[in-house]
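Asker: Turn this into a model:
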Amino acid sequence: MESSGTITRQIALKVLIEVNRDGKYANISLKDNLRAFNLTDRDAAFVAQLVYGTLERQLTLDHFLNKFTSMKKANPWIINILRLGAYQILYLDRVPDSAAVNEAVNLCKKHGLFALSGFVNGVLRNIVRSKESLRLPDKSLTRVENMSLVYSFPIWLTEKWIKEYGELTAEHIMRPPQAEDVLSIRANTLKIEPETLAEKLSMRGVQAEKGLYIREALRLKYPGDIEEDPLYKNGYFTIQGESSMLVAYTVAPRPWQTVLDACSSPGGKAIHMAELMGNKGKVYAWDVHEHRVDLVRANAKRMGADSVIPEVMDASRHSPELDEYFDCVLIDAPCSGLGVAHKKPDIKLKVTPHGLEELVRLQERILDSCSRYVKPNGVLVYSTCTINKDENQNMISNFLAEHKEFYREDIAPYLPASLMSAAADGMIQLIPYLHGIDGFFIARLRKRV
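Answerer: So this is what the prediction gives:
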């Protein structure tokens, strides 16, 4: 019978393969694989730590491993076995080096790679012997190269952020948040008050603390598979970061208004706006894919948000019949997602300069199209969960230069008092290390009468 240590590492390895070779999202792959095994909470947490820790440090691990072997030529299974082993040796003090090496060898044998088990054993033992010399910063590297490796971000992205923000802010962007890693949820105020929800969760053994900024927000410690909780299934809360919650407050919709969430799936912001409106009015929730609209529909039904109207629509294609139809339009644009890379580290492994350029073109089309749907004196809010100026500040500046009918409106009154100082020119850029929540950009615009 296999030990729990071997099983946990097998699951972690399978997720790493699905992410790095097959292109799956880490959070989805991890959730699916954990649900396939009946693990204890402790073992499930260890798998998550192995997966996210290895992905978070992957560029740095590859740098160190390349000192002992050519990672480009290795079998994908061997590459990820080495990464998993090196992560434990270099970053997990509670795992003995011998256990990390032995379990890596066991993984080779488990997957029929007997002939390469000696190779893996040798590389990882070299890592163990060289542990003290595998330190950063490395005097032989440039400042930028060291920054890239210390925080495990691509060097081109490190250079981009230094150019856009300066070295100090770039380092703040790359540095992990100071706040403890927790799961943020939003209480459904149509059904329950946050304080009551916190009490009910506590009775179930889930530690719930107040959010940092938002009244409806709760921060959960060690919640397990919270989507299986009856309180979740019955729509008393949804999983949502506080940065994302700030977006609905910035839109500030009022009861009986007609509102558009142009890029809505999975529907968290649309449902939040419906709650702020007391479920009175209409919130149209668009997505280009039917299955994602089904997800919005299911979430709205679970939360009792009857005023949310999910529709299959392509926000990048203009529909003239909707011109000046909406009181408020929210464009939570498809983006690079780098503001949440601390939670989803596979994002920084997949991003490319070409991919960023394509996203910017898509964002421009959506902004141009959906801005036409705003009524005179109506509100247009643009948001992303990234930190790149081309997708954020530059996007708004370029849009306003071509659309004189819009102007920036002071965003500070719509923000918590502790974040007002971070706002400027109708916009706010949130940085995880500085603000303790996900990296988000929000801009509030008003259409002239």
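
Asker: buried sites along the helix or strand that residue 369 is a member of?
Answerer: Using DSSP states H and E, residue 369 falls within helix 353-371. By neighbour count with 16 or more other Cβ atoms under 10 Å, helix 353-371 contains the buried residues 356, 359-360, 362-364, 366-367, 369-371. (Glycine included, C-beta is placed from N, CA and C.)

Asker: Would you mind writing the CA trace of the helix or strand following that helix as CSV?
Answerer: Where DSSP H and E defines the elements, the next helix or strand beyond helix 353-371 is strand 374-384. Provided in CSV are the C-alpha atoms of strand 374-384 (Å, rounded to 0.1, in the frame of the first residue of the first chain):
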residue,chain,number,x,y,z
VAL,A,374,-24.0,54.4,-22.1
LYS,A,375,-26.8,57.0,-21.7
PRO,A,376,-25.9,60.7,-21.6
ASN,A,377,-24.8,61.4,-18.0
GLY,A,378,-24.4,57.7,-17.5
VAL,A,379,-21.4,55.9,-16.0
LEU,A,380,-18.7,53.7,-17.6
VAL,A,381,-16.5,51.7,-15.4
TYR,A,382,-13.5,49.8,-16.8
SER,A,383,-11.6,47.3,-14.7
THR,A,384,-9.0,44.6,-15.0
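
Asker: Tell me how far residue 87 lies from residue 76.
Answerer: As for residue 87, its distance to residue 76 is 17 Å (criterion: Cβ to Cβ, to the nearest Å).

Asker: Which one of these two is surrounded by more residues?
Answerer: residue 87 (25 against 12; other Cβ atoms under 10 Å).

Asker: Is it correct that the more buried one is in contact with residue 51?
Answerer: No: Residue 87 is beyond contact range of residue 51, at 9.8 Å (criterion: Cβ atoms under 8 Å).

Asker: Excluding sequence neighbours, find me the nearest residue to residue 35.
Answerer: In space, and not counting its chain neighbours, residue 35 is closest to residue 225: 7.4 Å by Cβ to Cβ, 6 or more residues apart in numbering.

Asker: Tell me which residues touch the one you found, please.
Answerer: Shown in contact with residue 225 (Cβ atoms under 8 Å, 6 or more residues apart in numbering): 31, 34-35.

Asker: go again using 10 Å as the cut-off
Answerer: 31, 34-35, 41, 44, 232 (Cβ atoms under 10 Å, 6 or more residues apart in numbering).

Asker: on that earlier part again, so what sits against both of residue 87 and residue 51?
Answerer: Joint contacts of residue 87 and residue 51 (Cβ under 10 Å, 6+ apart) are 12, 16.

Asker: Just to be sure, residue 94 is in a strand?
Answerer: No: going by DSSP: H, G, I helix; E, B strand; the rest coil, the assignment for residue 94 is coil, not a strand.
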